[in-house]
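> Here is a sequence with its predicted model. Questions after.
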Amino acid sequence: MDYVAAELRKLDLEVRLEEVRVPRWTRGVETAELIDYPGQAAGTTQKIVVTALGGTVPTPPGGITAEVVVVDNFDQLAALGRQKVAGKIVLFNELFDKRKAAAGLALEAYGEAVAYRAEGPKHAAELGAIAALVRSVGGADYRLPHTGWSAPSGIPAGAVTSEDADLIAHLAAQGRARMRLTLTSENGPEVLSYNVIADLKGSEHPEQVVIVSGHLDSWDLGTGAIDDAAGVAVAMETAELIQRLHLHPKRTIRVIAWMDEENGGRGHDAYAKAHASEFANYAAVMESDLGAAHPLGFNAKVSATTLGWLKPVQKILESFGANIVRPTSYSPGSDITPMANAGVPALGIMPDGRTYFNFHHTAADTLDKIAPQELRENAAAMAVMGYAIASLLEPLPR
């Protein structure tokens, strides 16, 4: 937060930190092994690679031991009923659709699978399960677990690798498979954090705002380079480019580095509470939160009329292949959802996402995954779109 604020002050922006109370969660010990399963050689166990899901409760320090029940979806879980679930560990073995991802629909594939990480433990707990596991939500089969947020369920919850999910499913189909699971994550009292907000004041209508943004927080397994340090850098670079080129947008360009996107969204909730009365004056809101591969354009929750207004901008973006504007019925960014739901035109950068979910929420989310030229392309796309909207004679129609 301090680094981002300091860099934005160097650009002569008006910078402030706005308070956000955020949950405190620490990961702890993570181990799992199958201790009883079909075909087991005497004196052996089978290691399972596991990571805790964010915000979940711990097992006892010595772990828990129970049979694993494998289901592919919520319907199968419901069909088992409490009698076959109570006292067991439930594994949701929903596959991430890699064919969709390879065809450019990675976000859609993620949306289908992530429901089991977000809501699966809660469903399992309602039927008496003592813990829940999910198949990692992502496209990489490198025995690499993917963490992420899960709704409060009151039971320990973790993610296992795709390879281990397959193994458990195969063994459970042959007979009883029992697991010893230890996840000593802990929830502590809330702590004080901040959204970083910086304004490049508009020359004619400073009260009208165009937001460009990314989120500061990241999961602890990696360094958060693609999710979402890149998005913060893109938003910062939007202001830097406008200043470097000595441009003077009519409306205020507001850079926001959001806090707590990953573990509950307290940052955008706090912002919405503090600024809801201003939303009528927002010309557009934008977010970068899908990595920093080559940008194809924007996902956009906007009116049909607005799509026509954006065509001249698309012509400019065509020069480096970032000119798609794809209409959506949902907010194209988690943190801009309150504004999008209030009718503010909302756009999210749409990078090439074919490999994004290979690294997302894993220990492999590190700086080497960022290609500098592609990061520059993302910054250019957001800067062109942000400046164009901020410089229109009239605000975008809603």
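Yep, it's here.
> Next, give phi and psi for the spatially most central residue of the chain.
Nearest to the mean C-alpha position of the chain, by Cα atoms, centre = their mean, lies residue 262 at 5.9 Å. Here is the backbone geometry of residue 262 (degrees, to the nearest 10): phi -80, psi -30.
> could you check the distance from the closest residue to it other than its chain neighbours over to residue 6?
Nearest residue to residue 262, sequence neighbours excluded (Cβ to Cβ, 6 or more residues apart in numbering): residue 217, at 5.3 Å. In this view, the C-beta of every residue, glycine as well, is placed from N, C-alpha and C. To residue 6, residue 217 is 18 Å away according to Cβ to Cβ, to the nearest Å.
> Looking at those two, which has the bigger crowd around it?
Comparing residue 217 with residue 6 by other Cβ atoms under 10 Å, the one with more neighbours is residue 217, at 21 against 11.
> Work out for me the element that one sits within.
Following DSSP states H and E, one finds residue 217 outside all helices and strands.
> which ones are touching it?
Residues near residue 217 by Cβ atoms under 8 Å, 6 or more residues apart in numbering: 22, 224, 258, 259, 260, 261, 262, 263, 267.
> Swap in 6 Å and give it another go.
Residues near residue 217 by Cβ atoms under 6 Å, 6 or more residues apart in numbering: 259, 260, 262.
> Check residue 382 too.
Contacts of residue 382 were listed using Cβ under 6 Å, 6+ apart, and they are 212, 234, 238.
> check which helix or strand covers it.
helix 372-390.
> Next: residue 100.
Under the criterion of DSSP H and E, residue 100 resides in helix 98-102.
> repeat for residue 125
Short version, using DSSP H and E: residue 125 is in helix 106-126.
> Return whichever helix or strand comes after that helix as PDB; C-alpha atoms alone will do.
Heading C-terminal from helix 106-126, the first helix or strand you meet, by DSSP H and E, is strand 131-135. Output in PDB follows, covering the C-alpha atoms of strand 131-135 (Å, rounded to 0.1, in the frame of the first residue of the first chain):
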ATOM      1  CA  ALA A 131     -14.200 -31.800   6.400                       C
ATOM      2  CA  ALA A 132     -14.400 -31.000   2.700                       C
ATOM      3  CA  LEU A 133     -11.900 -31.100  -0.200                       C
ATOM      4  CA  VAL A 134     -12.200 -29.800  -3.700                       C
ATOM      5  CA  ARG A 135     -10.400 -30.600  -6.900                       C
END
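> How about residues contacting the following helix or strand past strand 131-135?
Using DSSP H and E, the helix or strand that follows strand 131-135 in sequence is strand 157-160. The contact list for strand 157-160 (Cβ under 6 Å, 6+ apart) reads 48, 50-53, 56, 121, 132-134, 136, 145-146, 150, 183.
> could you redo the last one with a cut-off of 7 Å?
Strand 157-160 is touched from outside by 30, 48-53, 56, 117, 121, 131-136, 145-147, 150, 183, with contacts defined as Cβ atoms under 7 Å, 6 or more residues apart in numbering.
> State the distance from the nearest residue to residue 367 once chain neighbours are set aside to residue 377.
Nearest residue to residue 367, sequence neighbours excluded (Cβ to Cβ, 6+ apart): residue 225, at 4.6 Å. Between residue 225 and residue 377 the computed distance is 16 Å (Cβ to Cβ).
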